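1. Return atomic coordinates for the entry below.
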Amino acid sequence: MRTKFILLPAMLLISMISKGQVVDNINKEFKHPYLTTRIHGGLVAPHHSSMLYFVEEFVGGIEVNYGRSLFSKDSWESYFNYPEIGVGLYYGSFGNKDIYGSGIAVFPYINHVMKRTPRFTLQNKVALGLGYATKPYDRKSNPYNSVVSTHFNAYIGLAFVADYRIQERFSLNFTTSLTHFSNGATKKPNHGINTLTSSIGAKYHFNPNPTPQYHKIKAPKSNQQEMMIIGSLGRSQSANYNNNKYWNAGININYLWHLTEKKAIGIGYDQIYSESIPFTWIDFNQDQSQTTFSTSDYLVSSVFASYNVFLGKTIIFLNLGAYIHTGIKPSQPIYPRLGIRQMLTNNLLASFGVKASFFSSEFLEFGLGYRFNTKN
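-> Here you go, the predicted structure:
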């Protein structure tokens, strides 16, 4: 799947939802819950040539969000100018109901505040969740759909949101949005599908108090150091002509220096085993899915630099790696890895990431890891 790398930074930000991270004993006047509904209208962005022939109509959609802002100086949200975080449901068409069908998505989101007054708020929204496509590719029944090949997909939503409060309980909002459905190379063909829409909506404020005008608090400095060791596993399809699914696994060792309580930098080592690498990195002109390779062709060693953002018990990470040993010459000498990690206990964590080349996803990975504090 040619997942557009420009969309992948969304994964760096969306984990700021951090499951709310609300402290129950905080005075309710600091909590501002909202219920928002929107109606979308727009078009499909045909980023692949095959789509130009099949997109026949404008797209439409509806969206419902439930979220809240927590105006407490004791919360991690204070370091990010008190964003709105929540969950949402989206339904939209894809420009051709017979070939592409429509999509449904459920997602967590975060709205970062760009401008805030007692009545007006300007935000940028980032959402990442689970999408469902009603008419994926099928070799016999739907062969022209080369953009979505599975029912279940990753959903990415980006938007600018302008909200104006007309009453103590109601406000109107206007958005410009980009949505993206794709499956991260788990099955092909799958170029992904993008829609560009504008929307008008209404927001109900459960808290009638005016929006507080707090300023973002600078995160305190930290001299903490730690090491993370993470094991991961995933499956992927390497090419359209090759229907086989291949295993991908790895060990990731990352040493971090915390700069503040919200960010850290690090260096690390990757040891990757990927059965899909020969079919991803070698440009075959014909089906060679039955070609055999040695174990050394599947092994990759690399070093990387990392940038990490800490939001309560959620960690967003971006790694930029360089290969130091490969059995097959890589298509690019360096690679990015993006993802989200969630603390399960004080030391145990779960991880989700995307290993990519610069313009395509290579595989998704799910993992478990352990944190060792080396200095406080």
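2. For the helix or strand where residue 60 lies, which outside residues touch it?
-> Using DSSP states H and E, residue 60 sits in strand 59-70. For strand 59-70, the external contacting residues (CB atoms under 8 Å, 6 or more residues apart in numbering) are 20, 22, 26, 30-44, 77, 82-95, 109, 111, 195, 197, 199, 201, 211. Using the backbone N, CA and C atoms, a C-beta is placed for each residue, glycine as well.
3. Could I get the average pLDDT for it?
-> Summarised as a single mean, pLDDT over strand 59-70 is 95.
4. quick one: that strand to chain centroid distance?
-> With CA atoms, centre = their mean, to the nearest Å as the basis, strand 59-70 stands 17 Å off its chain's centre.
5. For it, which strands pair with it and how are they oriented?
-> strand 31-45 (antiparallel), strand 84-93 (antiparallel) (DSSP bridges).
6. Pull out the buried positions in it.
-> Across strand 59-70, burial judged by 16 or more other CB atoms under 10 Å covers 59-61, 63, 65, 67-70.
7. circling back: I'd like to know which of the strands paired with strand 59-70 is closest to residue 292.
-> For these, proximity to residue 292 was assessed by CB to CB; strand 31-45 is nearest, at 40.7 Å.
8. could I have that closest one exported to PDB, CA atoms only?
-> Output of strand 31-45 as PDB, limited to C-alpha atoms (Å, rounded to 0.1, in the frame of the first residue of the first chain):
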ATOM      1  CA  LYS A  31     -14.400  20.400  33.100                       C
ATOM      2  CA  HIS A  32     -16.200  21.600  29.900                       C
ATOM      3  CA  PRO A  33     -17.800  18.600  28.100                       C
ATOM      4  CA  TYR A  34     -19.300  19.000  24.600                       C
ATOM      5  CA  LEU A  35     -21.500  17.100  22.100                       C
ATOM      6  CA  THR A  36     -20.900  18.100  18.500                       C
ATOM      7  CA  THR A  37     -22.700  17.100  15.300                       C
ATOM      8  CA  ARG A  38     -21.600  18.000  11.800                       C
ATOM      9  CA  ILE A  39     -22.800  17.600   8.200                       C
ATOM     10  CA  HIS A  40     -20.000  17.200   5.600                       C
ATOM     11  CA  GLY A  41     -19.900  17.900   1.800                       C
ATOM     12  CA  GLY A  42     -16.900  17.800  -0.600                       C
ATOM     13  CA  LEU A  43     -15.000  15.600  -3.000                       C
ATOM     14  CA  VAL A  44     -12.600  12.700  -3.300                       C
ATOM     15  CA  ALA A  45      -8.900  13.700  -3.700                       C
END
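9. quick one, domains of the protein?
-> Domain segmentation of the chain under automatic domain parsing yields 5-205, 225-284+292-375.
10. returning to that earlier point: mean pLDDT and distance to residue 191 added to the strands paired with strand 59-70, as JSON lines?
-> Shown next, in JSON lines, are the strands paired with strand 59-70 (pLDDT from 0 to 100; distance: least, CB to CB, whole Å):
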{"stretch": "strand 31-45", "mean pLDDT": "94", "distance to residue 191": "12"}
{"stretch": "strand 84-93", "mean pLDDT": "95", "distance to residue 191": "18"}
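11. circling back to that earlier point, make a ChimeraX selection of the buried ones in the contacts of strand 59-70.
-> Buried residues within the contacts of strand 59-70, by 16+ other CB under 10 Å, are selected in ChimeraX with:
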select :22,30,32,33,34,36,38,40,42,44,77,82,83,84,85,86,87,88,90,92,93,94,95,109,111,195,197,199,201,211
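12. still on that earlier bit, which one of the domains of the chain has the lowest average pLDDT?
-> Looking at these, the weakest mean confidence is domain 5-205, a mean of 84.
13. Give me the contact list for stretch 90-99.
-> Residues outside stretch 90-99 that contact it (CB under 8 Å, 6+ apart) are 40, 43-44, 54-63, 100-107, 133, 135, 142, 144-145, 148, 155, 157, 179, 193, 195, 197.
14. send the alpha carbons of it over as CSV?
-> Presented in CSV, the C-alpha positions along stretch 90-99 are these (Å, rounded to 0.1, in the frame of the first residue of the first chain):
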residue,chain,number,x,y,z
TYR,A,90,-18.1,9.3,11.2
TYR,A,91,-20.0,8.1,8.1
GLY,A,92,-19.2,9.3,4.6
SER,A,93,-19.4,8.3,0.9
PHE,A,94,-16.4,7.8,-1.4
GLY,A,95,-17.6,9.2,-4.8
ASN,A,96,-18.8,6.0,-6.4
LYS,A,97,-21.3,3.9,-4.4
ASP,A,98,-21.0,0.9,-6.8
ILE,A,99,-17.1,0.6,-6.7
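15. roughly how far is it from the heart of the chain?
-> Its chain's C-alpha centre and that of stretch 90-99 lie 22 Å apart, by CA atoms, centre = their mean.
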